[in-house]
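Engineer: Pasting the sequence and the predicted coordinates here, then a few questions.
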Number of protein chains: 2
Amino acid sequence: MGRGRPRKMDPETVLDIAMKVFWDKGFDGTSMSDLVCETGMAKPGLYACFGDKESLYKKSLSHYYNNLGTPLIDELRNSKDPLKVSVRRFLKTVAHSMLDNSHPSGCFVVNSLVQGASQRPAMEAIGRKFDQNRRNTFIDVFKKAQQKGDLPPEADAKALAEFFSAQSLALGVLGSSNATKETLSSFVDVAMTALPE
Amino acid sequence: MGRGRPRKMDPETVLDIAMKVFWDKGFDGTSMSDLVCETGMAKPGLYACFGDKESLYKKSLSHYYNNLGTPLIDELRNSKDPLKVSVRRFLKTVAHSMLDNSHPSGCFVVNSLVQGASQRPAMEAIGRKFDQNRRNTFIDVFKKAQQKGDLPPEADAKALAEFFSAQSLALGVLGSSNATKETLSSFVDVAMTALPE
């Protein structure tokens, strides 16, 4: 990350850096000076391109979701595999990403949901939108699976969907508390036993 | 909460107020002025009694854990009920506390685990200690249950313990995202199906 004098960078690169700073330090723990230092952009340039700190936070969270959340959610939604296979793949991928040292630990969306969000309605809203989007996808996928006979007719598809969707929240906190690969892996294996045959 | 002129308060009451401020706003989102304003104590008195902001945060988190975490964990550890009954009671109590409007939403320990904790090792350590304490209790309880024949001999007691312990992390994030009573309740019901008969 650039710590030298201000230089021109493409917006995606700046958002990638800002995303990692906010993800690591949180909104309140990040100063504009941190962002200037990490991106290598001058403060007036940052403001001109991305707006104030709150605006840059929202753009960074969207950047995270578009790059790390959406592909995973789209894969779940569009999968032709049995429900058991696609849900396990989703959770295993989340668990695996918790061990990726190329970015901060945990999940930026989970962080945004718990980080004093009650104080800033606009920031709270964007984290909740992404959370709701994942939940809605799980509900759609589970309901369709039940229609296709991939879940027993007596199963509560919505409750199961909410449960499996929320396992990614637990994984996010486990990631933040540096859970081991073994812990994360067994966690997903146990979670999957809650899916009726 | 007192917003008038400085007055004398007993330390437990001050910690109770400080706990709610830090739980709601996070360490970085809380200023000493917030704490002065909410507790009604003058800043020199706060420093003299509780130390600096980091010290007051650690005392507030311990206050939370001693008052809201420990009783629940002790109940789980000392329960003579079947494992299924005591684990369900633990999770239902956590779920229920997520709907309690007399304190901030979510779980203060979960918040501390994800709130830019990598920045402050001493604060990170205390949240992790409480997290580890809950995990260890689950592991002890599940291993003893297996010895008593309350879990099948082929079950992976440690993996099951870690899974159920981590369900409280998911509940903490669900609480922060204002999940409904119905969502929290079904979540626990589905989680319990992962406990082998």
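Structural biologist: That came in fine, so what should we check first? Numbering: from 1, shown residues only, chains lettered A, B, ... in the order given.
Engineer: what residues does the helix or strand of chain A with the lowest mean pLDDT touch?
Structural biologist: Averaged element by element with mean pLDDT, DSSP states H and E, chain A has its least confident helix or strand at helix A:43-50 (a mean of 92). Applying Cβ atoms under 8 Å, 6 or more residues apart in numbering or on different chains, the contact partners of helix A:43-50 are A:6, A:11, A:14, A:15, A:18, A:32, A:35, A:36, A:39, A:41, A:56, A:59. C-beta coordinates here come from the backbone N, C-alpha and C atoms, glycine included.
Engineer: Summarise which helices and strands the helix or strand following it is packed against.
Structural biologist: Downstream of helix A:43-50, the first helix or strand assigned by DSSP states H and E is helix A:53-64. Secondary-structure packing of helix A:53-64 (3 or more Cβ pairs under 8 Å, 6 or more residues apart in numbering or on different chains; DSSP states H and E): helix A:11-29, helix A:32-39, helix A:43-50, helix A:108-114, helix A:121-147.
Engineer: Dump the ones you listed to CSV, plus distance to residue B:25.
Structural biologist: What follows is the helices and strands packed on helix A:53-64, written out as CSV (distance: least, Cβ to Cβ, whole Å):
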stretch, distance to residue B:25
helix A:11-29, 8
helix A:32-39, 19
helix A:43-50, 25
helix A:108-114, 11
helix A:121-147, 13
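Engineer: Let me know which of these is tucked in deepest.
Structural biologist: Highest mean neighbour count of those: helix A:108-114, a mean of 28 (counted as mean count of other Cβ atoms under 10 Å in any protein chain shown).
Engineer: any idea which of the contacts of helix A:43-50 is least confident?
Structural biologist: Ranked by pLDDT, the contacts of helix A:43-50 bottom out at residue A:6, which has 51.
Engineer: ok, back up a step: right, so of the helices and strands packed on helix A:53-64, which gets closest to residue B:94?
Structural biologist: Checking the helices and strands packed on helix A:53-64 against residue B:94 by Cβ to Cβ gives helix A:108-114 as the closest, at 14.9 Å.
Engineer: Show me what that closest one is packed up against.
Structural biologist: Contact here means 3+ Cβ pairs under 8 Å, 6+ apart; on that basis helix A:108-114 packs against helix A:11-29, helix A:53-64, helix A:121-147, helix A:157-176, helix B:108-114, helix B:157-176.
Engineer: Packing partners of the following helix or strand past the fourth one?
Structural biologist: On the C-terminal side of helix A:157-176, the nearest following helix or strand under DSSP H and E is helix A:181-192. Counting contacts by 3+ Cβ pairs under 8 Å, 6+ apart, the secondary-structure elements packed against helix A:181-192 are helix A:83-97, helix A:157-176, helix B:157-176.
Engineer: Need those helices in a markdown table (columns: distance to residue B:52, mean pLDDT and mean neighbour count).
Structural biologist: Formatted as a markdown table, the helices and strands packed on helix A:181-192 follow (distance: least, Cβ to Cβ, whole Å; pLDDT from 0 to 100; neighbours: other Cβ atoms under 10 Å in any protein chain shown):
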| stretch | distance to residue B:52 | mean pLDDT | mean neighbour count |
| --- | --- | --- | --- |
| helix A:83-97 | 36 | 98 | 19 |
| helix A:157-176 | 25 | 98 | 25 |
| helix B:157-176 | 27 | 98 | 25 |
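Engineer: can you put those helices in a markdown table and add distance to residue B:121?
Structural biologist: Shown next, in a markdown table, are the helices and strands packed on helix A:181-192 (distance: least, Cβ to Cβ, whole Å):
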| stretch | distance to residue B:121 |
| --- | --- |
| helix A:83-97 | 24 |
| helix A:157-176 | 14 |
| helix B:157-176 | 21 |
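Engineer: Next one: the closest residue to residue A:126 other than its chain neighbours from residue A:116, what distance?
Structural biologist: Using Cβ to Cβ, 6 or more residues apart in numbering or on different chains and skipping the chain neighbours, the partner closest in space to residue A:126 is residue A:58 (5.2 Å). Going from residue A:58 to residue A:116 by Cβ to Cβ, to the nearest Å gives 15 Å.
Engineer: Turn the helices and strands packed on helix A:108-114 into CSV, columns for distance to residue B:138.
Structural biologist: CSV is the format used below for the helices and strands packed on helix A:108-114 (distance: least, Cβ to Cβ, whole Å):
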stretch, distance to residue B:138
helix A:11-29, 28
helix A:53-64, 31
helix A:121-147, 26
helix A:157-176, 13
helix B:108-114, 14
helix B:157-176, 4
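Engineer: Let me know which of those helices is the nearest to residue B:64.
Structural biologist: Checking the helices and strands packed on helix A:108-114 against residue B:64 by Cβ to Cβ gives helix B:108-114 as the closest, at 4.4 Å.
Engineer: What lies in contact with that closest one?
Structural biologist: By Cβ under 8 Å, 6+ apart, helix B:108-114 touches A:106, A:110-111, A:114-115, A:172-173, A:176-177, B:19, B:22-23, B:26-27, B:60-61, B:64-65, B:68-69, B:123-124, B:126-128, B:130-131, B:134, B:169, B:172-173, B:176.
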